[in-house]
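Participant: sharing a sequence plus its predicted fold:
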Amino acid sequence: MPTINAIYTDGACSGNPGPGGWGTRIEFADGQVQELGGQNKATTNNRMEMQAAISALEFLSETDIDGGQVTLHTDSEYLKNGITKWIKGWKRKGWKTSTGKAVLNQDLWQQLDQLTETLSAHDWSIDWRYVRGHAGDPGNERCDEIARAFSHGQPIGLKEYKAARKNTQKIARTPENTTKKVDHYKDLSLNTLEISTVTTEEPSGNPALESYEHDSQEGQQAMASSADSKANIKNGSSEETSRIERLKNTLETLQVTDELAKQGYLITSAELADLMDVNASAVTSRGDYWAWRNWTVSRIRREGNQILWQLERIDE
């Protein structure tokens, strides 16, 4: 059995959640290749990235190859940082995040953790390497092609190194079939806001003037009093309107954020800062994975001088 030169993995998803696919490519020293792929009808991009890596580690555990160091390339910083950094803290805290929330995708993180421990016991060492996506790397581009084909239900031929298997049973190409079938996501539910409005009654006015002589002085006083009352009412109404407008703006921001998460769009640090109404530096200083309001925020990758982030709705 030849040695392995490199492993590439990638995931794709149309919507977040939505139909997704994953692709894995194992490149051997003799030039042969083993390719794997699968799909799920309701999943997320992050889960597909993780499933691709799981399939790679499962393949290693089922081969006759002696242990050694192998480099696994992924264009997901969420996956790389999760398995090399964050997972230690999650396990120590009972699979809770720093905010006390349950870790998203815990079932897949536990599978990855178990596989890495099993492989380590058999002298395997996995070097998790980040590779920039869509940057011309042949291995990454091929995995992206496989993942997208499966996510769209399109046929695609996969190369197979048959001698690399201990048995003839093929790896199932329907990922997550041993875990939860569908990830459940709640839609943003917005309760009707009860806004207390205070109305100020107009002054009832002054008694009828008894004589023309009193008209000038008392009339001027009445006009001044009426003008002051109307000004107060106007200011109160303006403040009320301002509060309602701020609430409307907040609602619009939350709805936009939910749509970004649902569709799985990647956004820049500046765009994320605009959503949160903070400086861009406040975004990048928070780290690679954190929570904001109803979402978790994950650093996915860097494109040029831009950091791209992805939002996922927290499943309460």
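Facilitator: Structure's in. What do you need?
Participant: count of neighbours near Ile244?
Facilitator: 13 (other Cβ atoms under 10 Å). From N, CA and C alone the C-beta is placed, and that goes for glycine too.
Participant: repeat for the one 5 residues further on
Facilitator: Counted with other Cβ under 10 Å, the neighbours of Asn249 add up to 11.
Participant: and the gap between it and Trp290?
Facilitator: Going from Asn249 to Trp290 by Cβ to Cβ, to the nearest Å gives 23 Å.
Participant: over to Glu58?
Facilitator: 30 Å.
Participant: next one: Ile156
Facilitator: In terms of Cβ to Cβ, Ile156 sits 36 Å off from Trp290.
Participant: ranges for the strands of this protein?
Facilitator: Secondary structure of the chain (DSSP state E): strands at 4-13, 18-28, 33-43, 69-74, 125-130, 266-268, 289-292, 295-303, 306-313.
Participant: dump those into CSV; add mean pLDDT as well.
Facilitator: Listed next are these as CSV, based on pLDDT from 0 to 100:
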stretch, mean pLDDT
strand 4-13, 95
strand 18-28, 96
strand 33-43, 95
strand 69-74, 96
strand 125-130, 96
strand 266-268, 88
strand 289-292, 78
strand 295-303, 82
strand 306-313, 84
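Participant: to Met276, which of the ones you listed lies closest?
Facilitator: Proximity to Met276, assessed across those by Cβ to Cβ, is greatest for strand 289-292 (6.4 Å).
Participant: output the contacting helices and strands for that closest one.
Facilitator: strand 295-303 (3 or more Cβ pairs under 8 Å, 6 or more residues apart in numbering; DSSP states H and E).
Participant: just the CA trace of the strand it packs on, in CSV.
Facilitator: C-alpha atoms of strand 295-303 as CSV (Å, rounded to 0.1, in the frame of the first residue of the first chain):
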residue,chain,number,x,y,z
TRP,A,295,-26.5,33.9,16.1
THR,A,296,-23.1,32.3,16.3
VAL,A,297,-20.5,34.1,14.2
SER,A,298,-17.7,32.0,12.6
ARG,A,299,-14.6,33.2,10.8
ILE,A,300,-14.6,31.1,7.6
ARG,A,301,-11.6,32.3,5.6
ARG,A,302,-9.6,35.2,4.3
GLU,A,303,-9.9,36.5,0.7
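Participant: domain assignment for the chain?
Facilitator: Using automatic domain parsing, the domain parsing of the chain gives 4-164, 212-313.
Participant: how about the helices in the stretch 101-250 of the chain?
Facilitator: Secondary structure of the stretch 101-250 of the chain, counting by DSSP state H, counting those that start in this stretch: helices at 106-121, 138-151, 212-263.
Participant: how much space separates the closest residue to Ser14 other than its chain neighbours from Lys41?
Facilitator: Nearest non-adjacent residue to Ser14, counting by Cβ to Cβ, 6 or more residues apart in numbering: Ser151, 5.7 Å away. Ser151 sits 10 Å away from Lys41, taking Cβ to Cβ as the criterion.
Participant: the strands of the chain: which one's closest to Trp86?
Facilitator: Closest approach to Trp86 among these is made by strand 289-292 (6.0 Å; Cβ to Cβ).
Participant: tell me the buried residues in the closest one?
Facilitator: 289, 291-292 (16 or more other Cβ atoms under 10 Å).
Participant: just to revisit the earlier point, closest one to Glu239 among the strands of the chain?
Facilitator: Using Cβ to Cβ, the nearest of the strands of the chain to Glu239 is strand 289-292, at 28.6 Å.
Participant: so what are the sheet partners of that closest one and their directions?
Facilitator: Note on strand 289-292: by DSSP bridges, its sheet partners are strand 295-303 (antiparallel).
Participant: residues of the partner strand that come out buried?
Facilitator: Buried residues in strand 295-303, defined by neighbour count with 16+ other Cβ under 10 Å: 295-301.
Participant: do stretch 279-294 as well
Facilitator: For stretch 279-294, by 16+ other Cβ under 10 Å, it's 280, 283, 286, 288-289, 291-292, 294.
Participant: burial count for Leu275?
Facilitator: When neighbours are counted by other Cβ under 10 Å, Leu275 comes out with 20.
Participant: compare the mean pLDDT across the helices of the stretch 101-250 of the chain and name the weakest.
Facilitator: Note on the helices of the stretch 101-250 of the chain: lowest mean pLDDT is at helix 212-263, with a mean of 69.
Participant: hang on, isn't Val70 packed against Leu119?
Facilitator: No. Assessed by Cβ atoms under 8 Å, Val70 is found out of contact with Leu119, at 9.2 Å.
Participant: now for the two: what residues contact both?
Facilitator: By the contact definition Cβ atoms under 8 Å, 6 or more residues apart in numbering, Val70 and Leu119 are jointly contacted by 60, 126.
Participant: and the domains of the chain, which is most packed in?
Facilitator: Each of the domains of the chain was scored by mean neighbour count; the highest is domain 4-164, a mean of 19, by mean count of other Cβ atoms under 10 Å.
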